[in-house]
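need a structure here:
(2 chains)
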2 protein chains.
Amino acid sequence: MQDFHYQNGTKIIFGRETEASVGQELKKYTNKVLLHYGGGSIKKTGLYDKVMHSLHEAGIEVFELGGVKPNPRLSLVRKGINLCQEQEIPFILAVGGGSVIDSAKAIAAGVHYEGDVWDLFCGVAVEHECLPLATILTIPAAGSETSSGTVVTNDEIGLKRSFGHESLRPVFSILNPELTFTLPTYQTACGIADMLAHVLERYFTNERHVDITDRLCEATMKSIIDNGLRVMNDPFNYDIRAELMLAGMIAHNGSLDMGRIGDWASHDIEHELSGMYDIAHGAGLAIIFPAWMKYVYHHDVNRFAQFGSRVFNLEINLNHPEETALLAIEKLESFFKALGLPTSFSDADLPTDHIEELAQKLVCDCDSVGNYVPIKEADALEIYRLAL
Amino acid sequence: MQDFHYQNGTKIIFGRETEASVGQELKKYTNKVLLHYGGGSIKKTGLYDKVMHSLHEAGIEVFELGGVKPNPRLSLVRKGINLCQEQEIPFILAVGGGSVIDSAKAIAAGVHYEGDVWDLFCGVAVEHECLPLATILTIPAAGSETSSGTVVTNDEIGLKRSFGHESLRPVFSILNPELTFTLPTYQTACGIADMLAHVLERYFTNERHVDITDRLCEATMKSIIDNGLRVMNDPFNYDIRAELMLAGMIAHNGSLDMGRIGDWASHDIEHELSGMYDIAHGAGLAIIFPAWMKYVYHHDVNRFAQFGSRVFNLEINLNHPEETALLAIEKLESFFKALGLPTSFSDADLPTDHIEELAQKLVCDCDSVGNYVPIKEADALEIYRLAL
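Numbers count the residues shown, from 1 in each chain, chains lettered A, B, ... in the order given. Presented below is the predicted three-dimensional model:
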């Protein structure tokens, strides 16, 4: 087991109608806030009115910046940074899914940084203060509601990159499963693929003697899979939505990392895809993850067999464990298909003639991606080919 | 699923030789500390010298209070409170197992409380400030290194009671599995029973639709059982010790409570036992838990069958699920026996003629204990009888 530090102080406020407490909760930290949100769905559902009412009742001065798109854009982040600087706004409230929260985190990271915020996403390491932020989550998927990371797309150069800092963990996050009832089926499915991928990234590790985090990962994956299938036919079931919302948070709050080093190649490989084609991140992961697995399973067949046995209840073929490994990958692919997700470029109608460019971009600022098996340009190309 | 709030900001510093960083870490918060410890084993092992060296190097002024005994005594807590008040000590560093940490928490809770500290353990609810504290853990068991609770024994009246407050979660906790290599077998076993019991208390809930926390509980229990059996024959194995140390923390950091209400009757029933006879808490739990299970399993046979199936890999007898339930209880009892723990009063050479008094004391300040099945005096007496 690896040595590690772990701290996650985000306060989780989970349950029915919890969004009504946002003003009261926020009041403990600030009198002035930037309300950051997406394309207006929170106005249609009435959530915007509820939040504004709660903030006004608490006497909080509200500045607004809407318009966050999926795969959040750096251009809007810059706008948010300017607004916070000009109006001296000391706190950000993100109301939305992972894109809105990630956009808010990028703003929070940039306000007190003297250079251009994109520097931080290019690995320029500068210790500086980030603004505190809080969230009201509307899409269980990215886990950004308690994580320390953010992913944004530089829309000028078509690059999607991530940045992480402990101070970017939200001060508090409000999770009301009822807010997810009206999520379209496809968006629900993409969220499920995203949270499952967060656990898979952590599960495939070269670290030995990580029994407890192996089992916690398996527990989380089983819950995601069971409830992921259920929610497709029963989208207004509070308990199913609650299981998924809680699972999405656990999948990415860092607790499943304890003592192990995850892989994260599939995320990087997918980021190129959604950076270039603007496909939903979860759908991109459903395409990339099975292909990555087919390419790397030989690296540690027994781990894939364990995955098949403990997550999909497969009987391990001890004479031919690679049979179990391959069956497990099939099971994962079938699960994504059952959610109505694409598992190949062709399923998603993606053009197939840019895969060399995707593979080049992937390693344009590094030698390889991933820790479990380092993936270089040639490997990435092969993985994209397996995904066609 | 129940609505809930969850926040646990304790920083975990986990791994080899991490105790050497205590001075550096503590320095971020204070220049003056009360070093609280037990009967001197930390002096024998050299840990005391290492800690003192690190604290002195960081320029921290150290006051000392040793002598904490298992089932920590209120008399020493009062001494600690006086010392902190007289010397204006603003921070406590507990170096030891759960008893030392619980004693430190009781001191932390009492320093700024104007009345007698025992009031807090008797349910007198007063909002007041607690001193911050940090820990270096030497016995994986109680989970007090990140929990919000403390249990102490009032040695004047022979009552053991608990108190919890969010501000009693340690600021940081240092967990080095190497420090547990020299734990005697029996103490290791008691710790294992304690951490397993912490999960069992949470597992037996009347809440439905708690799939993910059910599975996380099962994952934690499986790891405790597997590594608990291994450590008996391989006490100097770092990885096994690390699994147990991490499991003990997860078992009681509150994450397994999310969305569910645990039981805790067995803990209360055991507290009377160790309050009266000074038996180790873990050993007491190994005696009480199987007896409690035999008394209550009819309340929800399927939950016990699920426990047997998912934790002990039993095949569920769907025609007679109570058969699986009873087999699961047997399996748990066998596990405790395999660790060399007593599972009855007679195994532990406890007198059997005070069980009426134990049952009376249990409910002397309440109607019943436990949430899964409320246990009144007559029920408790029956459970003590089943444990004879």
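
mind checking pLDDT for A:Ala125?
At A:Ala125, the pLDDT value in this model is 67.

Mind telling me what element the residue positioned nearest the centre of chain A is part of?
With distances taken as CA atoms, centre = their mean, the residue of chain A nearest its centroid is A:Ala142 (2.4 Å). Element membership for A:Ala142 (DSSP states H and E) is empty, with no helix or strand holding it.

Could you find the closest non-adjacent residue to it?
A:Gly98 (2.5 Å; CB to CB, 6 or more residues apart in numbering or on different chains). All C-beta spots, glycine's among them, are computed from the backbone N, C-alpha and C.

again, but for A:Gly80
Going by CB to CB, 6+ apart, A:Gly80 has A:Ile107 as its nearest residue, at 3.7 Å.

and the one you found, what does it touch?
The contact partners of A:Ile107, by CB atoms under 8 Å, 6 or more residues apart in numbering or on different chains, come to A:Leu34, A:His36, A:Val77, A:Gly80, A:Ile81, A:Cys84, A:Ile92, A:Leu131.

Make a PyMOL selection of the buried ones in those residues.
A single PyMOL command selects the buried members of those (16 or more other CB atoms under 10 Å in any protein chain shown):
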select buried, chain A and resi 34+36+77+80+81+84+92+131
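
could you pull out the strands for the stretch 151-300 of chain A?
With DSSP state E, counting those that start in this stretch as the criterion, the stretch 151-300 of chain A has strands at A:159-164, A:172-175.

Buried ones in the first one, by neighbour count?
By neighbour count, and taking 16+ other CB under 10 Å as the criterion, the buried residues in strand A:159-164 are A:Leu159, A:Lys160, A:Arg161, A:Phe163.

now, which of those residues sits nearest B:Thr205?
Using CB to CB, A:Phe163 is the member of those that lies nearest B:Thr205, at 39.6 Å.

Could you tell me the model confidence score at the closest one?
For A:Phe163, pLDDT reads 93.

Show me what it bridges to in the sheet.
A:Thr150 (DSSP bridges).

In what element of secondary structure is the residue nearest to A:Gly80 found?
Using DSSP H and E, A:Ile107 falls in helix A:98-110.

right, and the helix or strand after that helix?
By DSSP H and E, the next helix or strand past helix A:98-110 is helix A:118-121.

can you point me to the longest strand in chain A?
strand A:4-14 (DSSP state E).

so where's the stretch 1-150 of chain A shaky on pLDDT?
A:125 (pLDDT under 70).

Show me which residues of the stretch 101-250 of chain A are close to chain B?
A:208-209, A:211-213, A:215-216, A:218-220, A:222-223, A:226-227, A:238-240, A:242-243, A:246-247, A:250 (CB under 8 Å from any CB of the partner chain).

Give me the buried entries from the residues you listed.
A:209, A:211-213, A:215-216, A:218-220, A:222-223, A:226-227, A:238-240, A:242-243, A:246-247, A:250.

on that earlier part again, filter the contacts of A:Ile107 down to the ones in helices?
Using DSSP state H, the subset of those located in helices is A:Val77, A:Gly80, A:Ile81, A:Cys84.

Next up, phi/psi of the closest residue to A:Leu137 other than its chain neighbours, please.
Leaving aside its chain neighbours, A:Leu137 sits nearest to A:Glu145 (4.7 Å; criterion: CB to CB, 6+ apart). A:Glu145 has phi and psi values of phi -70, psi -20 when expressed as degrees, to the nearest 10.

Is it correct that A:Glu145 is in contact with A:Leu246?
No - A:Glu145 is not in contact with A:Leu246 according to CB atoms under 8 Å; the separation is 11.0 Å.

Let me know the pLDDT of the nearest residue to A:Phe312 once chain neighbours are set aside.
Closest residue to A:Phe312 apart from its sequence neighbours, by CB to CB, 6+ apart: A:Lys331 at 4.3 Å. Each residue has a pLDDT score; the one for A:Lys331 is 98.

What of A:Phe289?
pLDDT, A:Phe289: 98.

List the residues that contact it.
A:Ala197, A:Leu200, A:Ser266, A:Leu332.

Ok, A:Gly98 next?
Applying CB under 8 Å, 6+ apart, the residues near A:Gly98 are A:Ile139, A:Ala141, A:Ala142, A:Gly143, A:Ser144, A:Asp194, A:His281.

The same query, at a cut-off of 6 Å, please.
A:Ala141, A:Ala142, A:Ser144 (CB atoms under 6 Å, 6 or more residues apart in numbering or on different chains).

what separates the first one from A:His252, distance-wise?
According to CB to CB, to the nearest Å, A:Ala141 and A:His252 sit 9 Å apart.

Please apply the same query to the last one.
Here the distance between A:Ser144 and A:His252 works out to 7 Å (CB to CB).

which one of the two has more residues nearby?
Legend: neighbour count by other CB atoms under 10 Å in any protein chain shown for A:Ser144 and A:His252, higher for A:Ser144 (31 against 27).

Leaving out sequence neighbours, find the closest residue to A:Ala265.
With CB to CB, 6+ apart, the residue lying closest to A:Ala265 is A:Gly370, at 2.7 Å.

thought the one you found was touching A:His267?
No - the criterion here is CB atoms under 6 Å, and A:Gly370 misses it with A:His267 at 9.1 Å.

Look at those two and report which has more neighbours.
A direct count of neighbours by other CB under 10 Å for A:Gly370 and A:His267 places A:His267 higher, at 25 against 22.

how close does the spatially closest residue to the more buried one that is not a sequence neighbour sit to chain B?
Beyond its immediate neighbours in the sequence, the residue positioned closest to A:His267 (CB to CB, 6+ apart) is A:Glu201, lying 6.2 Å away. Going from A:Glu201 to chain B by CB to the nearest CB, to the nearest Å gives 18 Å.

burial measure for A:Glu201, as a count.
So A:Glu201, with other CB under 10 Å, has 25 neighbours.

measure it to A:Asp268 for me?
Counting by CB to CB, the gap from A:Glu201 to A:Asp268 is 10 Å.

Please apply the same query to A:Pro90.
With CB to CB as the criterion, A:Pro90 and A:Asp268 are 34 Å apart.

So between those two, which is more surrounded?
The neighbour comparison of A:Pro90 against A:Asp268 (other CB under 10 Å) goes to A:Asp268, with 21 against 15.
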